[in-house]
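Asks: Need a 3D model of the sequence below.
(one chain, ligands or ions: 1)
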Amino acid sequence: MNYDIVIIGGGIIGSSIAYHLARDGRAGTIAVIERDSTYAKAATPRGSGGIRQLFSLPENIEMARYGLDFYKNFDQTMTSSDNQISVAFRRQGYLFLSDGGSEKVMEQNFHNQQKLGVKAELLDKTQLLQLFPSIYNDDIKLAVYSPDDAWIDAYCALTGFKSNARALGVTYIGEEIKSAVIKDKKIKSLTCANGSTIAGDLFILAAGAWSGELAKYFDVNIPIEPMSRESYYFRCDKEMEPLPFIKTETDLAFRPEGEGFTGGMPDWSVKAGWNWELSPSRFEDTVWPALAQRIPSMETIRLERSWRGHYARNKLDYNAIIGPWVADPHNLFIATGFSGHGIMHAPAAGLAISELLLEGQYKTVDLTRFGAERIVTEKPYRELGIV
Ligand SMILES: Cc1cc2nc3c(=O)[nH]c(=O)nc-3n(C[C@H](O)[C@H](O)[C@H](O)COP(=O)(O)OP(=O)(O)OC[C@H]3O[C@@H](n4cnc5c(N)ncnc54)[C@H](O)[C@@H]3O)c2cc1C
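Replies: Predicted structure coming up:
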């Protein structure tokens, strides 16, 4: 097996890259190596699918904006006569609430967002009450509402990218990479768990939270670590106005989903690393009281499901690493470290890698500052908004 481009990891990032490269028609042969076609442990189906422009860094804002547009038209673009796609794009907005003392940063971010054309609004308590009467607002210092923001079904987006990439000639290989052969400062081939080898000219590492471990096969050190997050699906019988995706400075994040709500609240005392074990009491002891404090109608809710997924966290600055690796091996590209933003940023990441490889430069969103240079020089480029 020998390909021009080999993508390691077929989650939403790897599949978006494959789709964007193949769409152009000049990339040559492309293979995606994905060990698990059910995506049982991948982050993509476990994420909340939110797309928001409420960031501080222009790169994050512009990538999200590209994602919003892309996902709005996803069903039309990706559906073919024998493959109906629906990502359930729902434009119901995002609401950031400052309840912990960082209102100045949030306001500064809001002004930066406005400069970049984000149609966000600063809400005072009266406006907040008018729009969302269910929200308890006595302790809210500042609210930023972004009505254009949305959410999607991330698993459907992944299958849409994948089926379209396949239709454009991309080969998905159901193998697990176990090691690599490096020769003359280049990756020659990957060795799979079944002993087969996959050779290529260029390799793109897009294996989500596993990327740090896989990079070691290439003698490359990237600061990517898995960060476990517990999520919940719950129902509330009380009638409420349609709520946006709400994120508070004190870490509560939830949105409507079907007949109920989905979301979570990170436990910062949990260390980085793989952790699939559900916490027996966190929802009852911490998350539910926080929900009920913010939305008094949520005093009575019914927890129906809990699950865990892992962020690919770049511990240098929590932002993605995209582009060519800046040392040996010099035929390696990286697209990982998206933390809680990989679904919204996947379309722009795929386009960016495609532009870089096929045009030799970024054309749509300049992601130079998200490159690997800052990793080897250890110069963080930090997001100041709620992560
Ligand atoms: C609780 C939670 C909530 C989130 N909410 C949001 C949100 O609202 N909005 C948003 O934009 N993002 C959100 N995210 C983040 C988003 O889910 C991720 O950033 C995104 O899914 C990452 O995609 P990926 O393709 O990089 O990784 P993954 O989806 O994890 O895919 C990586 C793939 O690599 C494969 N792989 C690994 N090792 C090997 C190997 N050795 N050989 C072959 N294949 C291998 C795996 O099987 C896996 O399928 C959330 C994440 C979590 C956990």
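Asks: any weak-confidence spans in the stretch 201-350 of the chain?
Replies: Within the stretch 201-350 of the chain, not a single segment meets pLDDT under 70.
Asks: Please report how far F254 lies from I135.
Replies: 12 Å (C-beta to C-beta, to the nearest Å). Placement of C-beta: from N, CA and C, glycine included.
Asks: between the two, what contacts are shared?
Replies: Common contact partners of F254 and I135 (C-beta atoms under 8 Å, 6 or more residues apart in numbering): I246.
Asks: In terms of neighbours, single out the busier of the two.
Replies: Shown here are F254 and I135; by other C-beta atoms under 10 Å, F254 has more neighbours (26 against 21).
Asks: tally of neighbours for the residue nearest to D267 when sequence neighbours are not counted?
Replies: Once flanking residues are discounted, D267 sits nearest to R282: 6.3 Å by C-beta to C-beta, 6 or more residues apart in numbering. For R282, the neighbour count with other C-beta under 10 Å is 17.
Asks: For the residue most central in space within the chain, which non-adjacent residue is spatially closest?
Replies: By C-alpha atoms, centre = their mean, the chain has its centre lying nearest to G342, at 1.6 Å. Nearest non-adjacent residue to G342, counting by C-beta to C-beta, 6+ apart: I13, 5.7 Å away.
Asks: Now do the contacts for that neighbour.
Replies: 206, 208, 335-336, 338, 342, 346, 349-350.
Asks: Could I have the PyMOL command that selects the buried members from these?
Replies: Applying 16 or more other C-beta atoms under 10 Å to these leaves a buried subset, and the PyMOL line that selects it is:
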select buried, resi 206+208+335+336+338+342+346+349+350
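Asks: Export the contacts of I13 as a markdown table, with columns for secondary structure.
Replies: As requested, those are exported to a markdown table (DSSP: H, G, I helix; E, B strand; the rest coil):
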| residue | secondary structure |
| --- | --- |
| A206 | coil |
| G208 | helix |
| A335 | strand |
| T336 | strand |
| F338 | coil |
| G342 | helix |
| A346 | helix |
| A349 | helix |
| G350 | helix |
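Asks: Show me what stretch 151-163 is in contact with.
Replies: For stretch 151-163, the surrounding residues in contact (C-beta under 8 Å, 6+ apart) are 10-12, 15-16, 18-19, 39, 44-45, 47-51, 71, 74, 78, 83, 85-90, 92, 172, 245, 255, 343, 346, 350.
Asks: Quickly note the distance from the residue lying farthest from the centre of the chain to the ligand.
Replies: Centroid-distance maximum for the chain: D184 at 34.5 Å, with C-alpha atoms, centre = their mean. Taking C-beta to the nearest ligand atom, to the nearest Å as the measure, D184 falls 24 Å from the ligand.
Asks: Contact residues of the chain facing the ligand?
Replies: 9-14, 33-36, 39, 42-44, 46-50, 176-177, 206-210, 214, 229, 231, 309-312, 336, 338, 340-344 (C-beta under 6 Å from any ligand atom).
Asks: how about 5 Å then?
Replies: 9, 11-13, 33, 35-36, 42-44, 46-48, 50, 176-177, 207-208, 210, 229, 231, 309, 338, 340-344 (C-beta under 5 Å from any ligand atom).
Asks: how many other residues sit next to P280?
Replies: P280 has 9 neighbours, counted by other C-beta under 10 Å.
Asks: Look at it and give its secondary structure.
Replies: coil.
Asks: do the one 10 residues further on as well
Replies: Using three-state DSSP, the three-state assignment for A290 comes out as helix.
Asks: before we move on, the earlier item: how about the residue farthest from the centre of the chain, phi and psi?
Replies: Dihedral angles of D184 (phi, psi; degrees, to the nearest 10) stand at phi 50, psi 50.
Asks: Which pLDDT value belongs to it?
Replies: Listed pLDDT for D184 reads 96.
Asks: and A40, that's in a helix?
Replies: No: applying three-state DSSP, one finds A40 to be coil, outside a helix.
Asks: burial count for it?
Replies: Neighbour tally, A40, other C-beta under 10 Å: 8.
Asks: Check the one 4 residues further on too.
Replies: T44: 24 surrounding residues under other C-beta under 10 Å.
Asks: Pull the contacting residues for it.
Replies: 11-12, 154-155, 158, 208, 342-343.
Asks: what about it, distance to L158?
Replies: 5 Å.
Asks: ditto for I204
Replies: From I204 to L158 the distance is 17 Å (C-beta to C-beta).
Asks: Give the residue from the two that has the larger number of neighbours.
Replies: Legend: neighbour count by other C-beta under 10 Å for I204 and L158, higher for I204 (27 against 24).
Asks: hang on, that one in a strand?
Replies: Yes: counting by three-state DSSP, I204 is part of a strand.
Asks: For it, name its beta-bridge partners.
Replies: For I204, the beta-bridge partners are I7, F333 (DSSP bridges).
Asks: give the contact list for it.
Replies: Contacts of I204 (C-beta under 8 Å, 6+ apart): 5-8, 14, 17, 332-335, 353.
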